[in-house]
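> structure for this input, please:
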Amino acid sequence: MATYVFDNAMEVARERLLLLEAAADPGTHRVLETIGVGPRWRCLEIGAGAGSIAAWLSERVGPAGYVLATDIDPRFLEPIAAKHPNLDVRRHDVAADELPTGAFDLVHARMVLEHVPERERALCRMAAALAPGGWLVVEAVDFCAEVIDPAVGEDYAERFARAHEARLRMMAGAGFDLTYARGLVRRCRELGLADVANEGRTYMWAGGSTGAEVSRLSWEHLRDRFVAGDYLSDADVDDLQAMYADPRFAVTSPLLMAVWGRRPE
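Here you go, the predicted structure:
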């Protein structure tokens, strides 16, 4: 069973996902365009979240194409599927549930596998789901690049450093692999994929920007976990909310590593 710390049932979940899509989608679109996703493609979107990439794919592949969007909690996907006849939605746990083999021209997952304890088995299933010539695209987050602008001041620097360390401990305790993104190129090559390539994306997020709002809502989303595990106090989370809303604050985003490769014909 997959463990995912961001519960879609929580009130802030959809707002956070929509902002995350606004920040991350342009880079994902570029990768999918690079590999040539187009009419008639059969696509599998794993951990589809609020559904922006699934909707984009359904439009890209056209009426003769097909998109299957899966999630452990697909509540945000069903309204989107109603507007796209070539888009199906399925409740699916990539860590525990089987996938059809040899069925898809594209299998894509973003910010999913690093959360999944059975991530190696899941990645193998995803690769096996590719048709000959099909592309696997995996995007995973790595917090190694997340550092503040040194001009923000000592108080914010100390607050950020304490919170950053607390988040790493909490996420690791929940089964998150903090270094997963760094091994994706190697893993894809070991799976026998051809034309393996990658890019890493990070941005400077000023307080109050779309990216900073993603982080602010993430801290709020995980407040109960931080407090219950004695990682941070309620007051600490309140301080983080204010910091990420302050336009004087600036931080580089976590690195989003995108890796793609093709199943040989």
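> could I get the full set of helices for the stretch 1-150 of the chain?
Taking DSSP state H, counting those that start in this stretch, the helices of the stretch 1-150 of the chain run over residues 13-34, 52-61, 78-81, 119-128.
> and the biggest strand by length in the chain, what other elements does it pack with?
Criterion DSSP state E: the longest strand present in the chain is strand 130-142. With contacts taken as 3 or more CB pairs under 8 Å, 6 or more residues apart in numbering; DSSP states H and E, strand 130-142 sits against helix 13-34, strand 104-110, helix 119-128, helix 184-190, strand 255-262. All C-beta spots, glycine's among them, are computed from the backbone N, C-alpha and C.
> now do it: distance to the chain's middle.
13 Å (CA atoms, centre = their mean, to the nearest Å).
> list the buried residues of the following helix or strand past it.
Next in sequence after strand 130-142, counting helices and strands by DSSP states H and E, comes helix 154-173. For helix 154-173, the neighbour count (16 or more other CB atoms under 10 Å) marks 156, 159-160, 163, 166-167, 170-171 as buried.
> could you dump the residues you listed to TSV with distance to residue 21 and pLDDT?
Output for the buried residues of helix 154-173, formatted as TSV (distance: CB to CB, whole Å; pLDDT from 0 to 100):
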residue	distance to residue 21	pLDDT
156	27	95
159	28	94
160	25	94
163	24	95
166	26	96
167	21	94
170	24	94
171	21	90
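> closest one of these to residue 82?
residue 171 (34.3 Å; CB to CB).
> buried set for the longest strand of the chain?
If you call a residue buried by 16+ other CB under 10 Å, then strand 130-142 has these buried ones: 130-131, 134-142.
> just the CA trace of it, in PDB.
The C-alpha coordinates for strand 130-142 follow below in PDB (Å, rounded to 0.1, in the frame of the first residue of the first chain):
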ATOM      1  CA  LEU A 130       5.100   0.400 -22.200                       C
ATOM      2  CA  ALA A 131       4.400  -0.700 -25.800                       C
ATOM      3  CA  PRO A 132       7.500  -1.200 -28.000                       C
ATOM      4  CA  GLY A 133       8.700   2.300 -28.700                       C
ATOM      5  CA  GLY A 134       6.800   3.700 -25.800                       C
ATOM      6  CA  TRP A 135       8.200   6.300 -23.400                       C
ATOM      7  CA  LEU A 136       8.500   6.300 -19.700                       C
ATOM      8  CA  VAL A 137       8.700   9.800 -18.100                       C
ATOM      9  CA  VAL A 138       9.300  10.000 -14.300                       C
ATOM     10  CA  GLU A 139       9.600  13.300 -12.400                       C
ATOM     11  CA  ALA A 140      10.800  13.200  -8.800                       C
ATOM     12  CA  VAL A 141      11.400  15.900  -6.300                       C
ATOM     13  CA  ASP A 142      14.800  16.400  -4.500                       C
END
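> wait, which of the buried residues of helix 154-173 is closest to residue 182?
Comparing the buried residues of helix 154-173 against residue 182 with CB to CB places residue 171 closest, at 15.4 Å.
> so that closest one sits against residue 178, correct?
Yes: look at residue 171 against residue 178 with CB atoms under 8 Å: they come within range, at 6.9 Å.
> the inter-axis angle of the host helix or strand of residue 214 versus helix 13-34?
Per DSSP H and E: residue 214 is located in helix 210-221. Here helix 210-221 runs at an angle of 140 degrees relative to helix 13-34 (axes from the mean of the first three to the mean of the last three CA atoms, to 10 degrees).
> number the chain from 402, please
Taking 402 as the first residue, the last one we looked at is helix 611-622.
> so which elements touch helix 611-622?
helix 414-435, strand 605-607, helix 635-646.
> go through these and name the closest to residue 584.
Nearest to residue 584, of all the helices and strands packed on helix 611-622, is helix 414-435, at 18.5 Å by CB to CB.
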